[in-house]
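Asker: From the sequence below, what's the structure:
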Amino acid sequence: MYKQFLMLAAFALCTSYSDAKVKLHHLISDNMVVQQQTDVRLWGWDSPGKKVSVSVSWSDDTYTAKSDKNGRWMVKVKTPAASMTPLSITFDDGDKTTVSNVLSGEVWVCAGQSNMEMPVKGFGNCPVLNYNKEILDAVNHKGVRSVKIPSIMRTTPQEDADCAWRECNPNTVGDFSATGYFFARMVSDALGIPVGLIEANKGGTRVESWLTEENLKKYTDEPLDSAEIVKKFSWDYHRPLLWGNGTFNPILNYTVKGILFYQGCSNVGNPGNKYSDLLALLVKQWREQFGLGEIPFYFVQIAPYYYDDDINGLSGALLREQQFRASTIIPNSAIIGTNDLVYPYETQQIHPAQKQGVGERLAYLALNKQYGMKQIICDAPTYKSMTVSNDTVYVQLDNLAEGISRYEDIQGFELAGEDKVFHKADAYYYWTKGVIITSPEVKKPVAVRYCFRNFLLGNVANMGGLPLFPFRSDNW
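Answerer: Next up is the predicted model:
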């Protein structure tokens, strides 16, 4: 019955297009941001066989398309260089429809689960740091705009979504994705250009929630029948396929620069390399669906949290390890760490308050890797190697950007001997030897770990203030 209802609704939607003048996708609307200096896709519906002409305010060019038998049409339009100057686009099939207050700039997708969805105003009992100041400051960032795709499930891929672009001001910014907004604000300020955000996400979703039916059939054992899906997953946000169909598919024709992704909490507990392999599959799928080539994919390592009600457990650490692995197997991707963006009292807060740092670190990646600002330090320190001498472990790190944040009182390291029991370690840094680590309980160390628990905060960072990624030297 549910499927029949959806089919009838889709049929009614399609037939409505044939009864009226040109109808635009909801993303093609007032206040939109178009990707600068490229051929962007504009599309909609009309009566079958109808000619649609498209003219733009920034040039004398006119583009035409003819709607197909289902009423669909699409054109590609050359966009100007980024500017804060408002533009307009007119669609004419005999009756004119004009989209106004358009800006040309950079467009990024904000995908993932609740830590990406979390707005500047926060969730209930989940505040965003300095909320009032951020609201008042929004008046200074008029180049930032966003559109939120309604988070809905569908058994079949949806073409459109009921959404509208929002300008940034103190009355609207509270509803913007916090991570996305702080990313866009920094990029816009650094480059002096508009930045548009397309927010297509849903709290609690797994990687499987966004995969297509084809990929789920080929690479997973997830149920695909709607009744079986509901039977297996009582929490709707864990359901596969449906969120991609309803929430992400509507944006795939839009021309974007790249994808920002913050997700992983709902895949904690996945065995082996399952998560990283599926994430790589999802990125490949999205790139193919957008048809824009190998667009950048920048994502966030999940923050410390007491998964399984156990601060000292390893399930969260293992998922972070999988996320780091994903960054090494996904082309044109990069990951940021968040181990230092959690307060000690947030052990049970799965939505940490410090979203500014998350968005800004994603911006560092984009500014360095996409926009040529090579003086920006964007890569965080990583584990390189260890050596053992008597009771002391020496750890070498990569991506220090010529230095470490501190010499003394280094927190977050643990050592283990052959008994595989890890103990808190003392650590300090010397530039010719690396991080020097000892523990009174471990006389013959064989393995070292850094912040490799569900919730363990460290304080090692590089010259750019970027935190050392959690790691382990063992494979226990």
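Asker: so Thr212 touches Gln285, yeah?
Answerer: Yes: when contacts are counted by C-beta atoms under 8 Å, Thr212 is listed as touching Gln285 (6.1 Å). The way it works is simple: take the backbone N, C-alpha and C, and place the C-beta from them, glycine included.
Asker: Comparing the two, which residue is more hemmed in?
Answerer: The neighbour comparison of Thr212 against Gln285 (other C-beta atoms under 10 Å) goes to Thr212, with 21 against 17.
Asker: Run through the residues that contact the more buried one.
Answerer: Pro157, Leu241, Gly244, Gln285 (C-beta atoms under 8 Å, 6 or more residues apart in numbering).
Asker: Filter the residues you listed down to the buried ones, PyMOL style.
Answerer: To isolate the buried ones among the contacts of Thr212 in PyMOL, judged by 16 or more other C-beta atoms under 10 Å, type:
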select buried, resi 157+241+244+285
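Asker: Pull the number of nearby residues for Asn125.
Answerer: Asn125, neighbours per other C-beta under 10 Å, totals 7.
Asker: show me where the stretch 101-250 of the chain has helices.
Answerer: Counting by DSSP state H, counting those that start in this stretch, the stretch 101-250 of the chain has helices at residues 114-117, 131-137, 178-191, 213-219, 226-232, 242-243.
Asker: of all these, which lies closest to Ala303?
Answerer: helix 114-117 (7.6 Å; C-beta to C-beta).
Asker: would you turn the contacts of Thr212 into JSON lines with distance to Lys217 and pLDDT?
Answerer: Shown next, in JSON lines, are the contacts of Thr212 (distance: C-beta to C-beta, whole Å; pLDDT from 0 to 100):
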{"residue": "Pro157", "distance to Lys217": "15", "pLDDT": "98"}
{"residue": "Leu241", "distance to Lys217": "10", "pLDDT": "98"}
{"residue": "Gly244", "distance to Lys217": "14", "pLDDT": "98"}
{"residue": "Gln285", "distance to Lys217": "13", "pLDDT": "98"}
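Asker: Return the subset of the contacts of Thr212 lying in strands.
Answerer: Among the contacts of Thr212, no residue falls in strands (DSSP state E).
Asker: and of the contacts of Thr212, the nearest to Val144?
Answerer: Lowest distance from Val144 to the contacts of Thr212 (C-beta to C-beta) belongs to Gly244, with 26.4 Å.
Asker: burial measure for the nearest residue to the closest one once chain neighbours are set aside, as a count.
Answerer: Of all residues not flanking Gly244 in the chain, Trp210 sits nearest, at 4.2 Å (C-beta to C-beta, 6 or more residues apart in numbering). Other residues near Trp210 number 30, with proximity taken as other C-beta under 10 Å.
Asker: so what's Trp210 up against?
Answerer: Ala111, Trp243, Gly244, Phe248, Leu282.
Asker: how near is Trp210 to Ile350?
Answerer: 20 Å (C-beta to C-beta, to the nearest Å).
Asker: no wait, Ala82
Answerer: Here Ala82 is placed at a distance of 36 Å from Ile350 (C-beta to C-beta).
Asker: the more surrounded of those two?
Answerer: Ala82 (22 against 19).
Asker: State which strand of this structure is the longest.
Answerer: The chain, longest strand under DSSP E: strand 96-112.
Asker: Any idea what Trp108 is bridged to?
Answerer: Beta-bridge pairing for Trp108 (DSSP bridges): Leu197, Gly258.
Asker: Any idea how many residues pack against it?
Answerer: For Trp108, the count of nearby residues is 29 (other C-beta under 10 Å).
Asker: Could you verify my assumption that it touches Phe261?
Answerer: No: here Trp108 does not reach Phe261: they are 10.6 Å apart, not a contact under C-beta under 8 Å.
Asker: so where's this protein uncertain?
Answerer: Low-confidence segments of the chain (pLDDT under 70): 1-20.
Asker: go again using 90 as the cut-off
Answerer: Within the chain, the segments meeting pLDDT under 90 span 1-21.
Asker: any idea how far Ile311 lies from Gln348?
Answerer: Ile311 sits 9 Å away from Gln348 when distances are taken as C-beta to C-beta.
Asker: next one: Asn339
Answerer: In terms of C-beta to C-beta, Asn339 sits 17 Å off from Gln348.
Asker: And the two? Which one has more around it.
Answerer: Between Asn339 and Gln348, Asn339 has the larger neighbour count (other C-beta under 10 Å), namely 25 against 10.
Asker: tell me the contacts of that one?
Answerer: Applying C-beta under 8 Å, 6+ apart to Asn339 gives the contacts Gln301, Ala303, Pro304, Gly412, Cys451, Leu457, Gly458, Pro467, Leu468, Phe469, Pro470.
Asker: Next up, the contacts around Ile311.
Answerer: Ile311 touches Thr347, Arg453, Asn454, Phe455, Leu456, counting by C-beta under 8 Å, 6+ apart.
Asker: Same check on Pro223?
Answerer: With C-beta under 8 Å, 6+ apart, Pro223 has these contacts: Ile229, Lys231, Lys232, Pro240.
Asker: How about the third one, nearest residue that isn't a chain neighbour?
Answerer: Pointing back at Lys232 there. The shortest distance from Lys232 to any non-neighbouring residue, by C-beta to C-beta, 6+ apart, is to Pro223 (5.4 Å).
Asker: Quick check: phi and psi at that neighbour.
Answerer: phi -70, psi 150 (degrees, to the nearest 10).
Asker: Distance-wise, check it relative to Gly293.
Answerer: Distance, Pro223 to Gly293, by C-beta to C-beta: 33 Å.
Asker: what's the spatially closest residue to Phe176 that is not a sequence neighbour in contact with, if anything?
Answerer: Among residues not flanking Phe176 along the chain, Ser146 sits closest, at 4.9 Å (C-beta to C-beta, 6+ apart). For Ser146, the contacting residues are 110, 165-166, 168, 176-177, 180-181, 184, 196-199, by C-beta under 8 Å, 6+ apart.
Asker: Just send the residues you listed back as JSON lines, with distance to His25 and neighbour count too.
Answerer: As requested, the contacts of Ser146 are exported to JSON lines (distance: C-beta to C-beta, whole Å; neighbours: other C-beta atoms under 10 Å):
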{"residue": "Cys110", "distance to His25": "19", "neighbour count": "29"}
{"residue": "Trp165", "distance to His25": "12", "neighbour count": "23"}
{"residue": "Arg166", "distance to His25": "17", "neighbour count": "19"}
{"residue": "Cys168", "distance to His25": "22", "neighbour count": "24"}
{"residue": "Phe176", "distance to His25": "21", "neighbour count": "27"}
{"residue": "Ser177", "distance to His25": "21", "neighbour count": "26"}
{"residue": "Gly180", "distance to His25": "21", "neighbour count": "33"}
{"residue": "Tyr181", "distance to His25": "24", "neighbour count": "29"}
{"residue": "Ala184", "distance to His25": "22", "neighbour count": "33"}
{"residue": "Gly196", "distance to His25": "15", "neighbour count": "28"}
{"residue": "Leu197", "distance to His25": "17", "neighbour count": "28"}
{"residue": "Ile198", "distance to His25": "12", "neighbour count": "27"}
{"residue": "Glu199", "distance to His25": "16", "neighbour count": "28"}
